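1. quick one, what's the 3D model for this:
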Amino acid sequence: MNIRKVNIQKRMRGWGFYILWIFFTTIGLSGQAFAQAEDLNVISGQQSKSVWMRYTDAPNALYHHLMLESYQFLDRRESQIAGLRTRDDWDGRQRQVREILMRIVGPFPERTQLNPVVTGVVQKDGYTIEKIIIESRPGFHVTGALFLPENRRGKTPAILYTPGHSLTGFRTGQRTILNLVQKGFIVFAIDPVGQGERLQYYDPETGVSRIGGPTHEHSYPGAQLFLSSASMARYMIWDGMRAIDYMVSRPEVDPGRLGIHGVSGGGTQSAYIAAFDDRILAAAPSNYITSYRRLLESIGPQDAEQNFYSGLAEGIDHADLLEVRAPKPALVMATTRDFFNIQGVRETVGEVRRIYQAAGVPDNLETVEDDLGHGTTRKSREALYAFFQKYLKLPGDPVEQSIEWLRPEELQITKTGQLTTAMQTRTVYQVNAQETTDHLRNLQESRQNLATHIPRVEQVSRKLSGYMSPEDRPQPVFTGRYQRQGYTVEKYFIHGEGEYPVPYLLMIPETLGAHPALLYINPNGKAAGAAPGSEMERFVKQGYVVLAPDLIGRGEMGPGVFEGDAYIHDISLNIWFLSILNGRSIVGIQAGDLVRLVRVLEQRPEVNSGQIGAVAHGEMGAVLLHAALYEPAIRKVMLLDPLISYEAVVMNKYYDTRHMLTAVANALPNYDLPDLAAALAPRQLLLVNVTDQNGQRADLQRVEDTYAVARRAYLAKEAAPNFQVQTYNYRWESEQVINPWLREQDE
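-> Residues are numbered from 1 along each chain as shown. Below is the predicted model of the structure:
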C-alpha cells in the first residue's frame, strides 16, 4: 500500500485542488522560463563549467559521512581486540560484550506461559510433523513445525531452524530440515515475524502483504520500534529463545545437545540467538557473518533486525556474536560470491579463531566455503550435517540424501494460512503501541513539572539525536550571483560537520541597512521555493535576507544511489539504520549544519543578527525544532505542514516513511516534537497546517491536545501569544497567516 499515492489522491479531490493546480501550473511555467536563464545549483551546475569536481559525489555524502564515522568506531574496536592475548583477556572481553549486548538489545520481556497448541499431525515415512503454535509473549504467536524422527533412541539432540527472507518462511528449508531429520535430529522450524504465516500487514483480499516482502515486513514496524526504544532484533531473538524453551519442554529432547542453524536472515537470527541463549551448544549461521567494515563498503546496512541501536558506537561487530559464546562449537558457512562479502567472512573468522586458540580448542571453530552466490551448496550442507553429528554427539553419515518435498498444506499451521485471520493474535505494531503507551504515560508525568522537564528535554535530545555543537565559524565559498528585480541571488557553500559541502542560496534585498533574516528549509531542496514569484521571493520583497540550504541528503546533497532492502515508499530506511548503528540521527547532523548557517547569517553585514528567524516545510520541521532548541540566535520559528508528533508515527499502523529520516531513535520514552516546541518558549513559534503521520491535515483539536505541553510552557513564560497554531487552504489565505508573523519579526 503506497501511503503517499493515497494521500495525493485524496488531496486531488474537489475544486480546491483545481484552483491550486492552476496556481502551481502557472508557477511551474514561470519556473521553467527562469530555469533556462538561471542555474541555482551551487556545486553541480547544469552549465558544464560550473561543476565542482571535488564534490561530484555530493549526492552520496550522507552515506559516506556516516560510513566514515562508523570506521572510527571500528578502528577503535580493532585496536582493543589487537591488545587481547591471554584467555583472561578474552574472558574480560566476553563479559564486556555480554553487558553491551544486553544493554543495547534488552531488556527482554517476562517469561510467560507458552500455551503451546498442536494444530495438526502429519505422519510421513520415517518421521512425524507436529504443527505448533506458541506464545512468545501474551497474545503474540509463533508458528512452527516440530519434526520428530522415528529412529530416535531416548533423549535426542534437537536443532532450531530459522529461515531466511522468504515469504513462505521455514518451508523453503526443507532440504536441510529433512536431511537432519533423516540423520536422527529433532528439528523445530519456526516462522519469523513477517514471514510464512506471520505476515504483519496481510491483506485477505489480495493474499499478500500491503507493505511488501519480508525485508519490508521487518523494517516498516522495525522503524517504529526504534523510535520506542525497542528493536526488531529483540523481537526475533526473544521468539527464538522462547522456541528453545518449548524444545527443552519436550520429553523427546536432550536439553544438553541443542543446535541452531539458519541461512541469510536465518543466519542473522541463528547468530543472534546463539549469542544470547547459553543453552545452545552448537551454532551454524550461514550466509550472514561478514564484518561491518566490508558490509558498509559493499551493500550497506540491511533491514531493521540486522541493526542494533548504537551497535557500532558500542564496539560490536559480527565477530562478537561468535566470540561471546566461545569456546562452544561454531560453524561459519559462506559462499565466495555472496553479497555478504567473503573477504569480511575470512577476516572475521581470523579474529574469532584467536579466542578459540586462547581457550585451547581451535578445532571448535569450523568454516566451510563454496563458490556460489547467496545460498548454500551440497558441500556446505554436508559440512553442516557433519558438524552437528560431531558436536551434538549423534554419529552418522553426513552425505546428503534426496528428499520428498512436502505439499504446502502439510506445512500449513493455521486454518487460514495466516495468524491474523485464523485467530486472535497481536502484531508487532500492536505490542509496541501498548508498550509505547507506558512510555507516553511516563512522559506525560514528566511534563507536569516543566522546571525539570524542559532542561531534561534539551539534554536528552542532544544526546539521542547525536547533535554536535559547531565549534568553528564557517568560511563561505562564493560561486556566483544573479540579479533580480529588487534583490540579488547569491550562491555559496560551507563545509558541514564532515568533509562535505552545504550549498545554499542567499537572497539579499537591494535596500540598504541591516535586515532581519530567515533560514528557509525545504525537504525538496533550496531551489524548491526559489523561482521568481515563489515563496522565498515573497519573504525577500518584505525586507528579509533569506538563506536556503541543501542540507545533507537533500537537493544537490542527496539522496544518493543507496537504497537498500528497506527502500519503502521511495525512502531508504537503511540509511537511517546506519545513523542508528552510530548512535546518532540524520536530524542531529542536519541540525548542526543549520546552526553553522546561523553563524553565516550573523557574519553578514546586511543582517541584523538579533533578528534571525527560520521557516521549515514538511518533515524538515523536526530538524528546525532541534536546531532552534540548541541555538538561541534563532529567534522565531515557523513550521509549514509539519508532522504533529513522533507519537503519531508509532501509534498508527500505517505512516509515511519520509518522517523516519527526521526521527530520532529512542526518542519517545524521553521526548517528542511538542516537548521541543515547549522548550522554545518564550520565542515566537507558529505552526501552520499541521499534518498527521500520513501527511493529511490534522484536526485542530488534536493539534491543541498534542501541543498542550507547549501551551503550558508559553503560559508559564507569560508569552502565550508567541505560540500560535494556524491553518489556511489557499495561497491568498496564507498571507493572512504569514504576514503578521513576518511583521512581528521586526518588533
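2. wait, what's in contact with the residue nearest the centre of the chain?
-> For the chain, the residue whose C-alpha lies nearest the mean C-alpha position (C-alpha atoms, centre = their mean) is Phe577; its distance is 3.7 Å. By C-beta atoms under 8 Å, 6 or more residues apart in numbering, the contact list for Phe577 reads 219, 301-304, 307, 564, 566. Quick note: C-beta positions are derived from backbone N, CA and C, even for glycine.
3. let's have the residues you listed in TSV, adding distance to Pro59, pLDDT and secondary structure.
-> Written out in TSV, the entries for the contacts of Phe577 read as follows (distance: C-beta to C-beta, whole Å; pLDDT from 0 to 100; DSSP: H, G, I helix; E, B strand; the rest coil):
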residue	distance to Pro59	pLDDT	secondary structure
Ser219	22	98	helix
Pro301	18	97	coil
Gln302	22	97	coil
Asp303	23	97	coil
Ala304	25	98	helix
Asn307	23	97	coil
Gly564	15	96	coil
Ala566	19	97	coil
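4. just the closest of these to His141, please.
-> Here the nearest of these to His141, counting by C-beta to C-beta, is Ala304; it sits at 20.3 Å.
5. now that closest one. Nearest residue, chain neighbours left out?
-> Distances taken as C-beta to C-beta, 6 or more residues apart in numbering put Gly222 closest to Ala304, at 2.5 Å, once the chain neighbours are dropped.
6. can you count the residues close to that neighbour?
-> By other C-beta atoms under 10 Å, the residues close to Gly222 number 29.
7. isn't Val324 right up against Arg98?
-> Yes - with contacts defined as C-beta atoms under 8 Å, Val324 counts as touching Arg98 at a distance of 6.0 Å.
8. and these two? Which one has more around it.
-> Neighbours of Val324 and Arg98, each counted by other C-beta under 10 Å, are more numerous for Val324; the result is 21 against 16.
9. neighbours of the closest residue in space to that one that isn't next to it in sequence, how many?
-> Nearest residue to Val324, sequence neighbours excluded (C-beta to C-beta, 6+ apart): Val97, at 4.7 Å. As a burial measure, Val97 scores 20 neighbours (other C-beta under 10 Å).
10. one step back: helix or strand for the residue nearest to Ala304, which one?
-> helix 214-227 (DSSP states H and E).
11. helices or strands next to that helix in the packing?
-> Helices and strands touching helix 214-227, by 3 or more C-beta pairs under 8 Å, 6 or more residues apart in numbering; DSSP states H and E, are helix 232-249, helix 428-447, strand 567-568, helix 573-581, helix 646-650.
12. okay, now Gln726: neighbour count?
-> For Gln726, the count of nearby residues is 18 (other C-beta under 10 Å).
13. how about the nearest residue to it, chain neighbours excluded?
-> Leaving aside its sequence neighbours, Gln726 sits nearest to Val737 (C-beta to C-beta, 6+ apart; 4.6 Å).
14. correct me, but the one you found touches Val688?
-> Yes - Val737 sits in contact with Val688 when judged by C-beta under 8 Å, with a separation of 5.9 Å.
15. out of those two, which sits in the more crowded spot?
-> Set Val737 next to Val688 and count neighbours by other C-beta under 10 Å: Val688 wins out with 21 against 17.
16. for the more buried one, give me its contacts.
-> Taking C-beta under 8 Å, 6+ apart, one finds 638-641, 725-728, 734, 737-738 in contact with Val688.
17. ok, now with 10 Å
-> 615, 617, 621, 638-642, 724-728, 734, 737-738, 741 (C-beta atoms under 10 Å, 6 or more residues apart in numbering).
18. ok, now Tyr63?
-> When the contact criterion is C-beta under 10 Å, 6+ apart, the partners of Tyr63 are 57, 296, 300-301, 552-553, 558-562, 564, 572, 574-575, 578.
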